[in-house]
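Enquirer: Generate coordinates for the sequence data below:
(chains A and B, ligands or ions: 2)
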Amino acid sequence: MAENSVASRLQGTGAFALELEGVGRQFGALVALAGIDMRIAAGERRAVLGSNGAGKTTLFNTITGDFLPTSGRIRFFGEDITTLPAHERIRRGLRRTYQISQLFKGLSVIDSIFLACRGVSRRRFSLLRPAATDVNMVQAQSILHAVHLEAERDILVATLSHGQQRQLEIALALAGAPRFILFDEPAAGLSPTERRDLVAILNALPKHIGYVIIEHDLDVALRVSERVSMMHNGRLFKEGTPEEIENDPEVQEIYLGGRHG
Amino acid sequence: MATTDLPAASAAKGNWFERIGAGHFLLAVALLVYPAVASDFFLTQIGGYSLVLGMLALSLMMLAGYGGMVSLAQITVAGVAGYAVAIFGENGANVLGFGWPWWIVVPWAVLLASIASALIGWIAVRTQGIYTIMITLAIATAIFYFAQQNYAIFNGFSGFAGVRAPQFWGVDWRAPLPFYYLCLGIAVLAYVAVLYGARSTFGLTLQAVRDNPRRMRAIGYDVTAHKVFAWFIAGIVAGLAGVLMVWFNGRISPGTIGVGAAINILIIAVIGGMRHPIGPFIGAVVVVLMQTFAIDIVGAQRFNTLIGLVFLAIVFFSPDGILGLWERIKPHLAQEGLRPGG
Ligand SMILES: Nc1ncnc2c1ncn2[C@@H]1O[C@H](COP(=O)(O)OP(=O)(O)OP(=O)(O)O)[C@@H](O)[C@H]1O
Ligand SMILES: [Mg+2]
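Expert: Ligands and ions are numbered 1, 2, ... in the order given. Take a look at the predicted model:
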C-alpha cells in the first residue's frame, strides 16, 4: 500500500477513475457540498474522513446519481457522467454501498446477489428461471463465498443479522465486474471480528478495482487505504497518506482530538 | 407485503407428483371432474365466471403482490380486449364488426390490451402507493366515459351485443361444458405461468423493485422500464380474461368496464389474498358465490353492504386475505394431526 505505487499507476496510464470539478449540492439554503475538486486514479484506494454532516454521503449520492449535483462536473474514466441516470453509471462499472443498508427484504440472499450480477448483463428481462449453471448464478455463488455468506445462501434477507446485512451490502457492490466502488461506512455497527473480516475482504479485492471508503473508524480506514481525504462542512480540506493525516496537527485537533481527547 | 411463495417454493427435486404438490394435484382433479356434478348454471355462471374474474384478479395480483403497484384499471385492460373482439370480429350491433377470423382476432385483442396496459403503466409508474390507485382509477373512469360517449368506435352507451365464442375443431365453444374447459385451460395456463415467472429473472427483478427501487438502480436496473414491462405482461393475462369475458357475456358495453367493476376486481384480489397466485381465484369463487346467492337472500341493496363487511373483516383480521387465514390455521391443524399418532 505504498504511495509510490499510486504515483506509478497514475503515470503509467494517465487515467483517472473519478474526476470531480467544483461539485456542489444544496438542499434549500443548506450547502451540503461546497465545490468539491477531487481526482482519484484507476485502482486507487482512498478513504474519506469527516465529522457527522460533513457531506460525505451526499458526495457519494451525486457521484452515483442517486441525486444530481447542483453545480460542477463529474467524470468517470474520462466520460462525463454528471447527468447520466443512476443505472447507466452502474453499467459503466461504478458501484456503491449504502450507509443504511438498502436490501431486498423479500428475496433470498442468493437471488439478491444474482440480480446484482444480472443487472449489468443483457438478460435483465428474461422470463426464464436461471439455471444453476447460469453464468450470473455462478458469479453470484463465488461472491457469496467472498463475503462469507455461504451458510445463508437461501435465507430471506429480512431474517439476516445486522452484520450479515452489511456483508450483503458489500456483495451487491462486488457483483458484475465493478471498476470502481464507493463504500459508505461499511464497518458501521460491526463487531471487532466482523471488522477484521471486512478489512480482509477489502484487501483481497483484485488490484485493478479502486474504491473510496467513508469510515469513522480510523484504524479500519488507515488499514485499507493508500490516501486519505479530510472533509468538513462540505469541503475537502486536506489530502495525504495515512501517516501524514494521522500526524497532521490540524487534523488531530478537528477530528481526532474531538474523538479521542 | 412480503411475498414468499407458499407451496411453490418446495419445487426443486423429487418425482413429478412431489413437484406438482399434493394440493395442486387434488385441485386439478376436482376442477376436471367438476362438470360431472355441476349443472349448466354452475358450470358457466359459477365455474367459468369465477375463472375469468380470477384471471383478472391474478393480473392485479402480479402488479400489486410482486410489484407493489395496486391498479384499478385491470377491468379497463380487459375491456380493451373485449371491445377489440367485438369490433374486429363479429357483433350483432351492425356497427363495425370486421368479421376477422377468431385466430387473428384473439391474439390481436390480447396484444392491444397489453399495449394499453403498458401505456397505463407508463403513466402510473410515476406515482407510488395510494397515488397509483388514484391515477389508475382516474384512467379507468376516463376510458369508461369515453367509451360511453364515443359512437364511431365504441357504439356509445349500448356497446356491442351478439358477440359469440367461435366454433372450431368441431366444438361449439359457447356451450357450457366446452366453455368451462376453455376457461379452465386458459386460467391454468396463466396460473402456472405466474407461478413459474415469480422465480424467473424478471419475476425477481419485479419483487426487488417493490422492495427497494433505489438499490435496483444502484445495481444497474432501469426501474421504470421494468415496471412498464410488468404492466405489459399483466396486460396479457387481463387481455385473455377480457376475451373470455366478452364471450361469456355475449356483449360488451361501458357498464362492463365501469368503476364498480374495477373495484370488484380489487375486492376479489384482497379477499382472496395477493401473496400467491391461487389467492385471486379463491377470492373470485367466494365473491361469485356471494353475488349469485346472497343477493337473493339479502337483496341487491344490502348485498353491497354485505360485500363491504366481508371486505372490512378480511382487511382487519387477515391482511393477506383468505390465503393468509389458511396459512395461520394450517400449523394448528398440523399439530392436531400429530397428537393422536404421537
Ligand atoms: N436528502 C437530503 N435533504 C436535505 N438535507 C440533506 C439531505 N441529505 C443530506 N442532507 C444534509 O446535508 C448535510 C450532509 O449530509 P451527509 O449525509 O452527506 O453527511 P455525512 O458526512 O455522510 O454524515 P454522517 O457521518 O452522519 O453520515 C447534512 O446537514 C444533512 O442534514
Ligand atoms: Mg453519511
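Enquirer: okay, CA-based contacts and neighbour counts for the rest of this
Expert: OK.
Enquirer: got the buried residues for the helix or strand hosting B:Ala230?
Expert: Using DSSP states H and E, B:Ala230 sits in helix B:223-249. Buried residues in helix B:223-249, counted by 16 or more other CA atoms under 10 Å in any protein chain shown: B:223-224, B:226-248.
Enquirer: and if you look at stretch A:52-67?
Expert: A:54-67.
Enquirer: can you check stretch B:120-128 too?
Expert: For stretch B:120-128, the neighbour count (16+ other CA under 10 Å) marks B:Ile120, B:Gly121, B:Trp122, B:Ala124, B:Val125 as buried.
Enquirer: next one: stretch B:126-138
Expert: By neighbour count on 16+ other CA under 10 Å, the buried set for stretch B:126-138 is B:Thr132, B:Ile133, B:Met134, B:Ile135, B:Thr136, B:Leu137.
Enquirer: With secondary structure, distance to A:Asp197 and pLDDT as new columns, can those residues be given to me in CSV?
Expert: Listed next are these as CSV, based on DSSP: H, G, I helix; E, B strand; the rest coil; distance: CA to CA, whole Å; pLDDT from 0 to 100:
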residue, secondary structure, distance to A:Asp197, pLDDT
B:Thr132, helix, 44, 90
B:Ile133, helix, 46, 90
B:Met134, helix, 48, 90
B:Ile135, helix, 49, 92
B:Thr136, helix, 49, 93
B:Leu137, helix, 52, 93
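Enquirer: From those residues, pick the one nearest ligand 1.
Expert: Set against ligand 1, the nearest of the buried residues of stretch B:126-138 by CA to the nearest ligand atom is B:Thr132 (23.5 Å).
Enquirer: Tell me the pLDDT of the closest residue to that closest one other than its chain neighbours.
Expert: Nearest residue to B:Thr132 in three dimensions, chain neighbours excluded: B:Ala124, at 5.7 Å (CA to CA, 6 or more residues apart in numbering or on different chains). In this model, B:Ala124 is scored at 92, pLDDT.
Enquirer: B:Ser318 contacts B:Arg328, correct?
Expert: No. B:Ser318 lies out of contact with B:Arg328 (CA atoms under 8 Å); the separation is 9.2 Å.
Enquirer: Pick out whichever of the two has more residues nearby.
Expert: Here B:Ser318 and B:Arg328 are compared on neighbour count by other CA atoms under 10 Å in any protein chain shown; more neighbours surround B:Ser318, at 18 against 12.
Enquirer: Now that one, what are its backbone angles?
Expert: B:Ser318 has phi and psi values of phi -150, psi 90 when expressed as degrees, to the nearest 10.
Enquirer: count of residues packed around B:Gln207?
Expert: Other residues within reach of B:Gln207, judged by other CA under 10 Å, total 26.
Enquirer: Wait, it touches B:Tyr66, no?
Expert: Yes. In this structure, B:Gln207 is within contact of B:Tyr66 by CA under 8 Å, at 4.9 Å.
Enquirer: In chain B, which residue sits nearest ligand 1?
Expert: For chain B, CA to the nearest ligand atom, closest residue to ligand 1: B:Arg214, 13.3 Å.
Enquirer: Check the buried residues of helix B:223-249 one by one and keep those near chain A.
Expert: B:His226 (CA under 8 Å from any CA of the partner chain).
Enquirer: What residues does chain B have near chain A?
Expert: B:2-4, B:196-197, B:199-205, B:207-208, B:211-212, B:214-215, B:217-222, B:226.
Enquirer: run the last query once more with 10 Å
Expert: Those residues of chain B that sit near chain A, judged by CA under 10 Å from any CA of the partner chain, are B:1-4, B:66, B:193, B:196-223, B:225-226, B:229-230.
Enquirer: Tell me which of those residues fall in helices.
Expert: Secondary structure defined by DSSP state H assigns B:193, B:196-197, B:201-211, B:213-218, B:223, B:225-226, B:229-230 of the residues of chain B next to chain A to helices.
Enquirer: Drop anything exposed from the residues you listed.
Expert: Applying 16+ other CA under 10 Å to those, the neighbour count classes B:197, B:201-211, B:213-218, B:223, B:226, B:229-230 as buried.
Enquirer: mind listing the helices in chain A by residue range?
Expert: With DSSP H as the criterion, chain A has helices spanning A:3-13, A:56-64, A:86-91, A:109-118, A:135-146, A:162-174, A:192-203, A:218-224, A:242-247, A:249-251, A:257-260.
Enquirer: So for chain B, which of those helices sits nearest?
Expert: Of all those, helix A:86-91 sits nearest to chain B, with 4.1 Å by CA to the nearest CA.
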